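Q: Provided below for reference: sequence and predicted model.
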Amino acid sequence: MALPGHVRIVEVGPRDGLQNESAMVATAAKIELVDRLSATGLQTVEATSFVSPKWVPQLADAAEVFAGIHRRDGVAYPVLVPNLQGYERARAVGAEEVAVFTAASEAFNRRNTNAGIDESLERFAPVLERAQADGVKVRGYVSTVLGCPYQGEVPLADVVRVARALHAMGCYEVSLGDTIGVGTPAKARAMLRAVAADVPMPALAIHFHDTYGQALANVLACLDDGVTVVDAAVSGTGGCPYAKGASGNLATEDLVYMLHGLGVATGVDLDALVDTGAWLSGILGRDTGSRVTRARAG
């Protein structure tokens, strides 16, 4: 296999993970989570989301969390913003990198954001313009790249179109997300190849949920094709509130274990990461979603 020498992991647990957890987490615990994660050697820790508290009550304390974390040199702390208002709230507390999100599925987009794909892209235009003027980096998310809970199959042409649009608008990186975790390695690779024909591979990241237990296999297939950025969530937190049966994200601990076993560097201290995942599971009051952590505890 043609594996990369190094993979940058984008830790999404404090945002994508927690926003879909039913147990409310105290602000102090969220701050500690981000600080613990950034001490493990992770280069990117998505800290929170500045969406409306009405839609995501779990992250209503976004400003307090971001203001409270200890920002380490060499670590990026992107935050999710849905529109210009969210961007301004994020900037008010010192955010230096933001992320915007849309879907490759028209049906999912309308259910999730009350807007079509083109409408959501139009909403981002002023965010990208302001960010460029402010010198703020913007990451783009494309969800439902391998399937949608409402429309089923999602045409590859739609995934490519949306990813291409985000990149053209100024997103330095576009994360391709299997939101409901239905993808398999061959489909994941085909999707990545289709997008990479229009968007440079160094500007692409992958984001797999583990609903059917395929996330690590999907990552491996995509690494072989040249991707070097992978999203994951500590303890396998998260899921998708709009997708029946969708389990959490790929656990960061399991991803790191596999990559290190393959000789791929991450810069992450696996022991510290496992300790953080176990601690978070205690906060959430449920078993960890990481097989590595469960194995070590046993």
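A: On my side now, so go ahead. Residues are numbered from 1 along each chain as shown.

Q: give me the secondary structure label for the spatially closest residue to residue 292 that is not a sequence neighbour.
A: Among residues not flanking residue 292 along the chain, residue 253 sits closest, at 4.4 Å (CB to CB, 6 or more residues apart in numbering). Where C-beta positions appear, they are placed from N, C-alpha and C, glycine not excepted. For residue 253, the assignment made with DSSP: H, G, I helix; E, B strand; the rest coil gives helix.

Q: how about residue 253, what does it touch?
A: Contacts for residue 253 were tallied using CB atoms under 8 Å, 6 or more residues apart in numbering; they are 234-235, 270, 273-274, 277, 290, 292-293.

Q: at 6 Å what do you get?
A: 273-274, 277, 290, 292-293 (CB atoms under 6 Å, 6 or more residues apart in numbering).

Q: kindly report the same for residue 249.
A: Contacts of residue 249 (CB under 6 Å, 6+ apart): 209, 233, 238.

Q: how close does the residue lying closest to it once chain neighbours are set aside get to residue 134?
A: The shortest distance from residue 249 to any residue other than its chain neighbours is 3.7 Å, reached at residue 233 (CB to CB, 6+ apart). Distance of residue 233 to residue 134, computed by CB to CB, to the nearest Å: 28 Å.

Q: so which of those two has more stuff around it?
A: Comparing residue 233 with residue 134 by neighbour count (other CB atoms under 10 Å), the higher total belongs to residue 233, at 33 against 11.

Q: can you pull out the helices in the protein?
A: For the chain, the helices defined by DSSP state H cover 27-38, 62-68, 84-92, 106-113, 117-134, 156-169, 185-196, 215-223, 252-261, 270-284, 291-297.

Q: how big is the angle separating the fourth one from helix 117-134?
A: Meaning helix 106-113. Helix 106-113 runs at 60 degrees relative to helix 117-134, counting by axes from the mean of the first three to the mean of the last three CA atoms, to 10 degrees.
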